[in-house]
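Q: pasting the sequence and the predicted model now:
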Amino acid sequence: MSDMSIKPYFPFCRVRFERQSVSPEGDLARIKARPDARFRPMCQVCRAPAHGVHSKTRRALRDLHMGAATVWINCEYRKVYCSCCQGARVEDLFFFSPYQRVTKRLARYIHDLCKVLTVSEVARHLDLDWKTVKDNDKVFQEDEFGATDYNGLRILAVDKITIQKGHKYMTVVLDYESGRVVWLVRDRKADTLRFFFKGMTEEQKKALEAVAMDMWDPFIKVIDKVRIAEKKKAETTELEVYKGAKYLLLKNRRNIRTAAARAHLQRLLDMNENISKAMILKDYLKRIWSYSRRGWAQKRMDEWCALARTMDNQDVTKFADMLERHPYGILNHCDYPIHTSKLEGVNNKIKVIKRKAYGFHDQRYFSLKVIQFFHSN
């Protein structure tokens, strides 16, 4: 008689295995198990010894493959009375969690696979529903990255990323020095960031020295408003020049690659004085960030604001007023020459993560996946 046993492959000390069956093709194995009577039942929630059995039931649990065979464990378990929890609870057999349909070790395997594969790829590989895969991976993600890690933060970078059409954004907070994504949450409002800082202790807030934020978007909108206003005033014969000019005006000139595009831009600038002035202001504004002394930067910013007002354009004047009200954003750059280019690279990687998975229906899960990616890279 053979002494071989499957017990070593199932080191679950609080259960006994009664029988097994394997399909003729060898691709499906079913194992029947029940609680080991030598152990007193234990509450799944508080781990306290139970004082009585409420009822018995069974559950089919997927386990790790054994060779080519898909393994199902049909396990009996008890609901017990727990005096600590003051009610009936599922007993703790240690190898599965309440309301889960997979064993803990299979759940861990799913989580490990999700680090390198998409949810749909893992689901196909294990022949599981994609929601089961996602939910199991999310449990591990919440345990490891669910709480925001504020430790060691000195310099931050903050930006937004588009997640859906229709102006749907998420706010990204990056540890500028380590490249770690600290926080990723829906919306880009002031209250969104207040919620982030609310989670910090006073000591952690005092440790922050600088935050890099993109001020370029507001001026990009100003340039586009100037273009639209000038287009409305243009004669019919000039309208052709304005077509396709939006992104030519917003790009840096060195990024305009083709000769046709450069000629198109030059024709527009030669034809319209106000648009030409707006482009000059755009190039002049970028130079202010090259100064390392606050006095020189302040002087050049005052000159820029005075020059901007000569355009006699309401939108440009409003932007100049905004700069004068908040000069510290630029002047602080003299002390901390940081910028959001590092965050732009991070945003591109985040888009790749989203595109690889064909989008994420669960934004919380998406945030956790991004934080995990940058934590391990």
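A: All right, it came through fine.
Q: what about Ser367, which SS state?
A: For Ser367, the assignment made with DSSP: H, G, I helix; E, B strand; the rest coil gives helix.
Q: residue contacts, it?
A: For Ser367, the contact set (CB atoms under 8 Å, 6 or more residues apart in numbering) comprises Met170, Leu184, Val185. C-beta: built from backbone N, CA, C; applies to glycine.
Q: can you check Lys7 too?
A: Contact partners of Lys7, counting by CB under 8 Å, 6+ apart, are Phe17.
Q: give me phi/psi at Arg59?
A: Dihedral pair for Arg59: phi -150, psi 140, per degrees, to the nearest 10.
Q: secondary structure element holding the residue nearest to it when sequence neighbours are not counted?
A: With CB to CB, 6 or more residues apart in numbering as the criterion, Arg59 has its nearest non-adjacent residue at 5.8 Å, and that residue is Cys75. According to DSSP states H and E, Cys75 maps onto strand 69-82.
Q: export that strand as CSV, just CAs?
A: Taking C-alpha atoms only, strand 69-82 is exported to CSV below (Å, rounded to 0.1, in the frame of the first residue of the first chain):
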residue,chain,number,x,y,z
ALA,A,69,-5.3,20.5,-12.1
THR,A,70,-7.5,23.2,-10.9
VAL,A,71,-8.1,22.6,-7.2
TRP,A,72,-11.3,23.2,-5.3
ILE,A,73,-11.6,22.6,-1.5
ASN,A,74,-15.1,21.9,-0.4
CYS,A,75,-14.7,22.9,3.3
GLU,A,76,-17.2,22.6,6.1
TYR,A,77,-17.0,25.4,8.7
ARG,A,78,-18.9,26.6,11.7
LYS,A,79,-20.6,29.7,12.8
VAL,A,80,-19.8,30.1,16.5
TYR,A,81,-21.0,32.2,19.4
CYS,A,82,-18.4,34.8,20.5
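Q: now that strand: buried residues?
A: Neighbour-count burial for strand 69-82 flags Thr70, Val71, Trp72, Ile73, Cys75, Glu76, Tyr77, Arg78, Lys79, Val80, Tyr81, Cys82 (criterion: 16 or more other CB atoms under 10 Å).
Q: isn't the residue nearest to Arg59 up against Glu18?
A: No - with contact defined as CB atoms under 8 Å, Cys75 does not count as touching Glu18 (10.4 Å).
Q: circling back to that earlier point, average pLDDT for the strand holding Cys75?
A: Here strand 69-82 scores 90 as its mean pLDDT.
Q: which other helices and strands contact it?
A: Applying 3 or more CB pairs under 8 Å, 6 or more residues apart in numbering; DSSP states H and E, we find strand 69-82 packed against strand 28-35, strand 53-66, strand 87-90.
Q: and of those, who's closest to Arg293?
A: strand 53-66 (63.8 Å; CB to CB).
Q: and the contacts of that closest one?
A: Here strand 53-66 has contacts from 9-10, 29, 41, 70-81, 88, 96, 100-103, 105-106, 109, 128, using CB under 8 Å, 6+ apart.
Q: Phe140: neighbouring residues, count only.
A: 19 (other CB atoms under 10 Å).
Q: model confidence for it, exactly?
A: In this prediction Phe140 is given a pLDDT of 93.
Q: okay, and Cys46 sits in which element?
A: Counting by DSSP H and E, Cys46 is found in no helix or strand.
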